[in-house]
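Q: Please work out how this folds:
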Amino acid sequence: MKVIWNSEIVDRSEVRIDPEDRGYQFGDGIYEVIRAYNGRFFCLDEHIDRFYSSAGKIEMAVPYSRNEMKSLVNRLLEETNIDTGNLYLQMTRGISSPRNHMYPDAGVLPMLTGTMTAVERDAVKQVKGIDTIVTEDIRWLKCDIKMISLLGNIMVKHEAHKKNAEEAILHRDGTVTECSASNIAIVKNGEVITHPDGNLILPGVTKLVWKKCAEKLDIPVVDRPFLLEEMYEAEEVFCSSTTIEVMPVRRIDERVLFTDKPGDLTTALQAEYLKEIEQQCGEIVI
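A: Prediction:
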């Protein structure tokens, strides 16, 4: 399997990660996940922009231009010959010895890696929806940075798994923020309500797209914090991320939101989101 290792595309067996790499020791790094359909990346520019934004927030200089980065990931997609799948792109601050909590002095080069994985689009789940649990948001206060330090996220994700659910809906003192690996929105009185961007949530690329879809459909979107009580009383709830697109929530803990099909607004946003994919990547055969 071909992978990205710094500025090259190499066989996976050639990659060597030093034990004093700061990503390995501190989780000092950033990442991005980019979806491909029909052998083309969806929202590539937006994902690359977020990658650079995350790097800037932790004072990590990316040693490649945006065009160089896009060329590199497109080369990987071509060489792996993956039609539908996910790119995982990661950059750590690099190798710094001896181990020290402080950022290293200039001269330490970041370590860039990237892998492609074939993952088919699950059209059945788009209709069936997912089950979720509600739990406290135990993460740090810089959730707008797409960091590789994800222990808080994986702990609550595992808690959901233990309860036969797919996602954990997070809250801070009763205010819903997002999920373990996705943004969340609720539908009330014909409006879509979602937590505003800021340090408490990741600014979702998929969220940007479905908000654009809502505008086309004349569906009002309100960016404001909402409480657990509002979510429990919502007519519809959906999650959104690169890998799950616009995903209806079927159940929250023991509350069943629907049994047959998702609500009308969620369904409309799903259809419009699919049009956005097809506009960039070509027809999606369901």
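
Q: how many other residues sit next to Q270?
A: Residues within reach of Q270, counting by other Cβ atoms under 10 Å, total 20. Glycine gets a C-beta too; all of them are placed from N, C-alpha and C.

Q: residue contacts, it?
A: For Q270, the contact set (Cβ atoms under 8 Å, 6 or more residues apart in numbering) comprises Q126, E245, V246, P248, P262.

Q: What helix or strand is the last one located in?
A: What that stands for is P262. For P262, there is no host helix or strand (DSSP states H and E).

Q: Which of the contacts of Q270 are buried? Put it as a PyMOL command.
A: Buried residues among the contacts of Q270 (16 or more other Cβ atoms under 10 Å), as a PyMOL selection:
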select buried, resi 126+245+246+248+262
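
Q: Relative to K146, which of the contacts of Q270 is nearest.
A: Closest to K146 out of the contacts of Q270 is E245 (18.2 Å), distances taken as Cβ to Cβ.

Q: any idea how far E276 is from the closest one?
A: 10 Å (Cβ to Cβ, to the nearest Å).

Q: and of the contacts of Q270, the nearest to E166?
A: P248 (11.5 Å).

Q: Regarding that closest one, what is its secondary structure?
A: Following DSSP: H, G, I helix; E, B strand; the rest coil, P248 is assigned to strand.

Q: Could you pull up the residues touching it?
A: 126-127, 129-130, 236-238, 257-258, 262-263, 266, 270.

Q: ok, now W140?
A: By Cβ under 8 Å, 6+ apart, W140 lies in contact with G152.

Q: Surely E278 is within a strand?
A: No - counting by three-state DSSP, E278 is not found in a strand; it is helix.

Q: Which stretches in the stretch 101-250 of the chain count as strands?
A: 111-118, 130-136, 167-172, 175-179, 183-188, 191-194, 221-223, 226-227, 236-241, 245-252 (DSSP state E, counting those that start in this stretch).

Q: Nearest to M102, out of those?
A: Comparing the strands of the stretch 101-250 of the chain by Cβ to Cβ, strand 111-118 comes nearest, at 18.1 Å.

Q: and for the closest one, what are the contacting residues?
A: Surrounding strand 111-118, the residues in contact under the criterion Cβ under 8 Å, 6+ apart are 1-7, 12, 15, 17, 21, 23, 29, 36, 64, 72-73, 76-77, 80, 82-95.

Q: isn't I95 right next to Y24, touching?
A: No - between I95 and Y24 there is no contact, the gap being 9.3 Å when judged by Cβ atoms under 8 Å.

Q: got any residues that touch both of these two?
A: Common neighbours of I95 and Y24 (Cβ under 8 Å, 6+ apart) are D18.

Q: more neighbours, the two?
A: I95 (19 against 16).

Q: Tell me which residues touch that one, please.
A: Counted by Cβ under 8 Å, 6+ apart, I95 has contacts D18, E20, D21, R22, V108, M111.

Q: What score does the first one have for pLDDT?
A: Just to be clear, that refers to D18. According to the prediction, D18 has pLDDT 95.

Q: where's it, which helix or strand?
A: Using DSSP H and E, D18 falls outside every helix and strand.

Q: OK, contacts around it?
A: Y24, I95.

Q: if I look at it, how far off is I148?
A: Per Cβ to Cβ, D18 is found 16 Å from I148.

Q: picking up where we left off before, take the contacts of strand 111-118 and keep only those in helices.
A: Among those, the members found in helices (DSSP state H) are G23, L72, V73, L76, L77, T80.

Q: Go through those residues and say which is closest to L208.
A: Using Cβ to Cβ, those come closest to L208 at V73, 19.3 Å.

Q: Mind listing residues that contact stretch 42-59?
A: Stretch 42-59 is contacted from outside by 28, 30, 32-36, 41, 61-62, 66, 69-70, 73-74, 89, 91, 103, 142, 144-147, 203, 205-206, 208-209, 242, 277, 280-281, using Cβ under 8 Å, 6+ apart.

Q: what residue ranges in the stretch 1-150 of the chain are flagged as low confidence?
A: Within the stretch 1-150 of the chain, not a single segment meets pLDDT under 70.

Q: Okay, domains of this protein per the record?
A: The chain breaks down into these domains under automatic domain parsing: 2-120, 124-279.

Q: could the ones you listed go into a markdown table alongside distance to V285?
A: Output for those, formatted as a markdown table (distance: least, Cβ to Cβ, whole Å):
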| stretch | distance to V285 |
| --- | --- |
| domain 2-120 | 9 |
| domain 124-279 | 10 |
